[in-house]
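Undergrad: Return atomic coordinates for the entry below.
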Amino acid sequence: MTDVSIPLPKCQPLKILTGQKAIVTGGSSGIGKAVAIALGEAGADVVVNYHSNEEEANNVAQTITSAGSQALVVGADVSQEDQVQSMFRQAIDKFGTVDILVANAGLQQDAPLDEMTLKQWEKVISVNLTGQFLCAREAVREFKRRGVVEKVSCAAGKIICMSSVHEIIPWAGHVNYAASKGGIMQMMRTIAQEVAPFRIRVNSICPGAIRTPINSQAWNTQEAYNSLMKLVPYNRIGEPEDIGRAAAWLASDQADYITGASLLVDGGMCLYPGFAHGG
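TA: Take a look at the predicted model:
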């Protein structure tokens, strides 16, 4: 298959997270994998959370250790309170604390509204939204307990919620997913408002079309890719590494004055490209 993607530049990672400890949920594949590796390459020790694919999580951990950072693989279903709490205990037992949470774990169970079951609705909301709430709550508890350690970071802690362009763009046939991402946006902003006085930063990354297995039908043929590009003014699909680099920067002190923000990483998808030549 060929497409008009522009190869990503090969950049030497900057060690902007040296000495920090991170948890990345859903870190065994796709965007979560790229984020976990990017944080590790930036100097952070990383808990790689997985739900079902331990082998892939171990591969991610090996990549992180090859970059000179430590890694810990932890299985947990983020929609389950006891498993989230256990994951944080393991992280703190191993690394002493947690400085960064990237709440990335998520899923889709798509159907037209009149065919969607309550089970499909509840499953997506429980993982995508409740899971982020549970993880953020545990992170804030640890950040408040420890406070700011200035030799490590300007902030007491950083939370990055993985949202989507669909916190803005409606998506027919995906009402549970779009509702979860809209909920993440307001949850993130509300938590950011609440915890800013404690020097805790909370932001979201909103990916657009990213080349991951979950959406392969949108890019794995030339016809599908060309159709997708009608929605992306920058005229290339995003790569997981685009999100990984954004997360490493947003978690670093280089972004210390940013909180309550949704960072769109979407090649312009939210610029309403249909209006470029109409409207």
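Undergrad: switch to C-alpha atoms for all contacts and neighbour counts from now on
TA: OK.
Undergrad: what helices or strands is the helix or strand containing Lys158 leaning on?
TA: Taking DSSP states H and E as the criterion, Lys158 maps to strand 157-162. Helices and strands touching strand 157-162, by 3 or more CA pairs under 8 Å, 6 or more residues apart in numbering; DSSP states H and E, are strand 100-103, helix 131-146, strand 200-207, helix 240-251.
Undergrad: what angle do that strand and strand 200-207 make?
TA: With axes from the mean of the first three to the mean of the last three CA atoms, to 10 degrees defining the directions, strand 157-162 sits at 20 degrees from strand 200-207.
Undergrad: Show me which parts of the following helix or strand past strand 157-162 are buried, residue by residue.
TA: Next helix or strand after strand 157-162 toward the C-terminus (DSSP H and E): helix 175-195. Buried residues in helix 175-195, defined by neighbour count with 16 or more other CA atoms under 10 Å: 175-185, 187-189, 191-192, 195.
Undergrad: mean confidence for helix 175-195?
TA: What helix 175-195 shows for mean pLDDT is 98.
Undergrad: now the angle between strand 200-207 and that helix, please.
TA: Here helix 175-195 runs at an angle of 160 degrees relative to strand 200-207 (the same axes, to 10 degrees).
Undergrad: With just CA atoms, put stretch 227-244 into CSV.
TA: These are the backbone C-alpha positions of stretch 227-244, laid out as CSV (Å, rounded to 0.1, in the frame of the first residue of the first chain):
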residue,chain,number,x,y,z
SER,A,227,-11.2,9.3,1.7
LEU,A,228,-9.7,9.9,5.1
MET,A,229,-7.5,12.7,3.8
LYS,A,230,-10.5,14.7,2.8
LEU,A,231,-10.9,15.3,6.6
VAL,A,232,-7.3,16.1,7.3
PRO,A,233,-6.0,19.4,5.8
TYR,A,234,-2.4,18.5,6.6
ASN,A,235,-2.7,15.7,4.2
ARG,A,236,-1.1,12.9,6.2
ILE,A,237,-2.3,10.4,8.8
GLY,A,238,-1.0,10.8,12.3
GLU,A,239,1.4,8.3,13.7
PRO,A,240,1.4,7.1,17.3
GLU,A,241,4.8,8.8,17.8
ASP,A,242,3.1,12.2,17.1
ILE,A,243,1.1,11.7,20.2
GLY,A,244,4.0,10.2,22.2
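Undergrad: how far is that stretch from where the chain is centred?
TA: 16 Å (CA atoms, centre = their mean, to the nearest Å).
Undergrad: okay, and for the chain, where does confidence drop off?
TA: Low-confidence segments of the chain (pLDDT under 70): 1-12, 279.
Undergrad: now stretch 139-157: how far from the chain's centre is it?
TA: Distance, centroid of stretch 139-157 to centroid of chain: 20 Å (CA atoms, centre = their mean).
Undergrad: My error: substitute stretch 59-68 in the last question.
TA: Offset of stretch 59-68 from its chain centre (CA atoms, centre = their mean): 19 Å.
Undergrad: Tell me which residues of that stretch come out buried.
TA: Across stretch 59-68, burial judged by 16+ other CA under 10 Å covers Val60, Ala61, Gln62, Thr63, Ile64, Thr65, Ala67.
Undergrad: Out of those, list just those in helices.
TA: Among the buried residues of stretch 59-68, the members falling in helices (DSSP state H) are Val60, Ala61, Gln62, Thr63, Ile64, Thr65.
Undergrad: so who does the last one touch?
TA: What that stands for is Thr65. By CA atoms under 8 Å, 6 or more residues apart in numbering, the contact list for Thr65 reads Gly40, Ala71.
Undergrad: what separates it from Pro240, distance-wise?
TA: In this structure, Thr65 and Pro240 are 20 Å apart, going by CA to CA, to the nearest Å.
Undergrad: cool, the second one as well?
TA: Per CA to CA, Ala61 is found 17 Å from Pro240.
Undergrad: Skipping adjacent residues, who's closest to Ala248 in space?
TA: Computed as CA to CA, 6 or more residues apart in numbering, the closest residue to Ala248 that is not its neighbour in sequence is Leu39, at 5.4 Å.
Undergrad: tell me what whichever helix or strand the one you found is part of is packed against?
TA: Assigned by DSSP H and E, Leu39 belongs to helix 30-41. When contacts are defined as 3+ CA pairs under 8 Å, 6+ apart, helix 30-41 sits against strand 21-24, strand 45-50, helix 54-66, helix 240-251.
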